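Trainee: Need a 3D model of the following:
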Amino acid sequence: MKIIDTHTHLNAEPLLSSIDEVISRAREVGVEKVINNADSIESFSVLEDLSLRYKDFCYQAIGLFPLERKDFEKDMSALRNALRNNHNVVALGEVGLDYHYEKDEESKKEQKKYFEAQIDIAKEFNLPLIIHSREADEDTFNILMNSGFENNITLHCYSGSKEMALRYIKNHKNTFFGIGGVVTFNKSTCFFTFSSARRLVEVVKEVSLSNLLLETDAPYLTPSPFRGKTNEPSYLTYVIKKIAEIKELSEEEVAETLYQNAKRVYNL
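Mentor: So this is what the prediction gives:
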């Protein structure tokens, strides 16, 4: 079984301090590569260090997280510099909109400004986009569809409806949905996370396997039966098992299709 974790944060603790062990456990279950996603400007240098230390394993998505805004011009300059100089960069991400913590209109306006600017930078560098969208489905969709962006788009940790997923595919066929630990959540979790899991199960049922990608978002969103522990790439076998159950396919077929999807989307 060959696996690519398309969205993780091995730069985050406690993963970073035990990175060799984390990577060893991942390789043991078939994880060949991971894409570490930037979560701040400060993380750019850490992701670069990981890509240089583990050249055949750690790849990067460089972008400005929607809640990590300081000075627009300086932020965009730092982003461009990292995209020019960092190694193993395969996407611009994670970028997008997050209205969970910032609900006022001024903050939303500023988030949209950053998002739209980074879509243009992705065009400039001919990179796919990895999107973070939380409680902002309609605005995220409209900005992407109005942008004229033609490269691959991944909705990281997809939390929208199956109807929205199908709208994306209808309007932008090169749209992919990151599926991780949430899909495994059961009734032993809280009501909110279980209802999110039920919605994601419906998405996995309705959307073609050719539009799905595997991700952990490690160290977050640990799949069952490891809820409460730190997530890591080696746990993706449990996500594969759940997708295979939903799709009524073998785990081997699911793993191979999602592996090939990741290679194609990120030119790996």
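Trainee: ok, and the helix or strand in the protein with the lowest average confidence?
Mentor: When the helices and strands of the chain are scored by mean pLDDT, DSSP states H and E, helix 191-206 comes last with a mean of 81.
Trainee: What residues of that one count as buried?
Mentor: By neighbour count on 16 or more other C-beta atoms under 10 Å, the buried set for helix 191-206 is 193, 196-197, 199-201, 203-204. Every residue, glycine included, has its C-beta placed from N, CA and C.
Trainee: Dump that helix to CSV, keeping only the CA atoms.
Mentor: Only the C-alpha atoms of helix 191-206 are listed here, as CSV (Å, rounded to 0.1, in the frame of the first residue of the first chain):
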residue,chain,number,x,y,z
PHE,A,191,-22.5,15.7,18.8
PHE,A,192,-20.8,18.5,16.7
THR,A,193,-18.0,16.3,15.5
PHE,A,194,-20.3,13.3,14.9
SER,A,195,-22.6,15.4,12.8
SER,A,196,-19.6,16.7,10.9
ALA,A,197,-18.6,13.1,10.3
ARG,A,198,-22.1,12.2,9.0
ARG,A,199,-22.0,15.1,6.6
LEU,A,200,-18.5,14.0,5.4
VAL,A,201,-19.6,10.4,4.9
GLU,A,202,-22.3,11.7,2.5
VAL,A,203,-19.7,13.6,0.6
VAL,A,204,-17.5,10.5,0.3
LYS,A,205,-20.5,8.5,-0.9
GLU,A,206,-21.5,11.1,-3.6
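Trainee: Check which helices and strands it is in contact with.
Mentor: Judged by 3 or more C-beta pairs under 8 Å, 6 or more residues apart in numbering; DSSP states H and E, helix 191-206 is in contact with helix 162-171, strand 175-179, helix 236-247.
Trainee: got a list of contacts for it?
Mentor: Helix 191-206 has contacts (C-beta atoms under 8 Å, 6 or more residues apart in numbering) with 158-162, 165-166, 177, 179, 182-187, 189, 212, 243, 246-247.
Trainee: Helices of this structure, residue ranges please.
Mentor: For the chain, the helices defined by DSSP state H cover 19-28, 43-53, 72-85, 105-125, 137-146, 162-171, 191-206, 236-247, 251-265.
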